[in-house]
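**Student:** Mind looking at a prediction? Sequence and model below.
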Amino acid sequence: MALIKLKNITKVYGAEKDLPTYALDSVDLEIQEGEMVAIMGPSGSGKSTLLNIIGCLDKPTEGEYFLNGDEVSQLNRNQLAKVRNMQIGFVFQHFALLADHTAQENIELPLIYRGQFSTKISRDDREVMAVEMLKQVGLKDHNYKRPSELSGGEQQRVAIARALVGEPNMLLADEPTGALDQKTGEGIMELLVNINKQGKTVIIVTHDPKVAAHCSRTIRMEDGKIISYDDNGKIE
Ligand SMILES: Nc1ncnc2c1ncn2[C@@H]1O[C@H](COP(=O)(O)OP(=O)(O)OP(=O)(O)O)[C@@H](O)[C@H]1O
């Protein structure tokens with residue numbers, strides 16, 4: 001069974017103003033557990049919309065989305081929040097860390113929210129889990145630093161630790177290296193490749209062919225449609 005299965009997914013904006021934009025137009029897609037997939041395409045082609053629907057941040061106008069076999073496209077806000085907290089980790093271009101929280105506190109946040117959906121995690125357990133994640137992303141001893149005291153690459157590592165601490169099924173990243181210089185971005189990609197090698201499904205929206213080259217598959221989009229699903233390295 002595919003981890004992600006989209007059937008005929010369409011997302012229309014502006015239909016109520018008689019100015020419809022088909023951000024996604026009848027998209028079919030399957031992603032298996034353990035894949036590392038890049039989503040590429042020109043600006044406005046629907047990449048972020050697709051990632052947001054896969055990440056249950058947004059709902060399609062039409063179509064079906066099976067996540068681990070469960071149809072999730074019609075869930076209400078609270079149900080979607082639970083799916084996100086339990087199953088999905090997000091990484092954004094500009095890190096989206098809370099400025100007044102330390103690295104460790106930022107990483108603990110999804111574990112605190114989890115108490116709304118599942119058994120509460122104690123403060124001690126949260127600390128152990130966050131400290132372990134800091135070690136895994138190469139930031140041992142940075143626990144008490146705030147985002148302003150960290151470099152861009154370090155902030156992205158904290159964001160990756162926060163995305164992974166709740167052991168989601170997949171990590172979704174929207175231009176994760178877009179705000180970083182090339183060398184720092186390369187370090188972030190090496191980290192994401194290692195995370196994928198440990199079995200985590202990773203999906204990355206990128207404009208950068210060097211980023212996509214780290215992935216095993218590249219999905220190309222144009223005008224809200226997927227125009228190719230090629231395995232990297234294979235001639236289509
Ligand atoms: N909230 C919204 N309201 C109206 N139109 C939107 C909204 N979000 C996206 N769109 C439109 O949907 C289309 C797809 O946008 P999307 O952000 O998914 O593209 P993208 O490929 O991620 O672009 P970029 O590479 O520039 O980030 C665009 O035409 C965009 O203007």
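**Tutor:** Happy to help now that I have it. From a predicted model like this one, the values you see are computed outputs, not experimental measurements.
**Student:** C-alpha from now on. contacts and neighbour counts both.
**Tutor:** Fine.
**Student:** how about low-confidence regions in the protein?
**Tutor:** Along the chain, segments meeting pLDDT under 70 span 233-236.
**Student:** which parts of it sit against the ligand?
**Tutor:** Where the chain comes near the ligand, counting by Cα under 6 Å from any ligand atom, the residues are 13, 23, 42-49.
**Student:** mind redoing it with 5 Å?
**Tutor:** 13, 23, 43-49 (Cα under 5 Å from any ligand atom).
**Student:** Which of the residues you listed ranks first by neighbour count?
**Tutor:** In terms of neighbours by other Cα atoms under 10 Å, the residues of the chain next to the ligand top out with residue 47 at 29 neighbours.
**Student:** Surely that one and residue 204 touch.
**Tutor:** No: with contact defined as Cα atoms under 8 Å, residue 47 does not reach residue 204; the gap is 9.6 Å.
**Student:** what residues do these two have in common as contacts?
**Tutor:** residue 39 (Cα atoms under 8 Å, 6 or more residues apart in numbering).
**Student:** Now do the contacts for the spatially most central residue of the chain.
**Tutor:** Centroid check for the chain by Cα atoms, centre = their mean gives residue 172 as the closest residue, at 1.4 Å. Contact analysis of residue 172 by Cα under 8 Å, 6+ apart lists 51, 55, 88-91, 202-204.
**Student:** Only the buried residues of the helix ranked longest in the chain, if you could.
**Tutor:** Using DSSP state H, we find that the single longest helix of the chain is helix 182-197. For helix 182-197, burial by neighbour count (16 or more other Cα atoms under 10 Å) applies to 184-186, 188-189, 191-193, 195-196.
**Student:** and of these, the nearest to the ligand?
**Tutor:** Checking these against the ligand by Cα to the nearest ligand atom gives residue 185 as the nearest, at 17.8 Å.
**Student:** okay but the closest one is in contact with residue 175, surely?
**Tutor:** No: if you go by Cα under 8 Å, residue 185 and residue 175 don't touch, sitting 10.2 Å apart.
**Student:** hang on, the earlier thing: by contact count, what packs against the longest helix of the chain?
**Tutor:** Under the contact definition 3 or more Cα pairs under 8 Å, 6 or more residues apart in numbering; DSSP states H and E, helix 182-197 sits against helix 152-164.
**Student:** can you give me the angle the helix it packs on makes with helix 182-197?
**Tutor:** Angle, helix 152-164 to helix 182-197, by axes from the mean of the first three to the mean of the last three Cα atoms, to 10 degrees: 20 degrees.
**Student:** which outside residues touch helix 152-164?
**Tutor:** Residues contacting helix 152-164 (Cα under 8 Å, 6+ apart): 88-91, 94-97, 103, 106-110, 130, 133-134, 136-139, 147, 171, 176, 179-180, 184-185, 188.
**Student:** hmm, 6 Å instead?
**Tutor:** With Cα atoms under 6 Å, 6 or more residues apart in numbering as the contact definition, helix 152-164 has outside contacts at 89-90, 95, 107, 133, 137, 184.
**Student:** Ok, stretch 195-202 next?
**Tutor:** 33-36, 170-171.
**Student:** just stretch 86-93 next, same as before
**Tutor:** 163-164, 168-176, 178.
**Student:** Need phi/psi at residue 48.
**Tutor:** The phi/psi pair for residue 48 (degrees, to the nearest 10) reads phi -70, psi -40.
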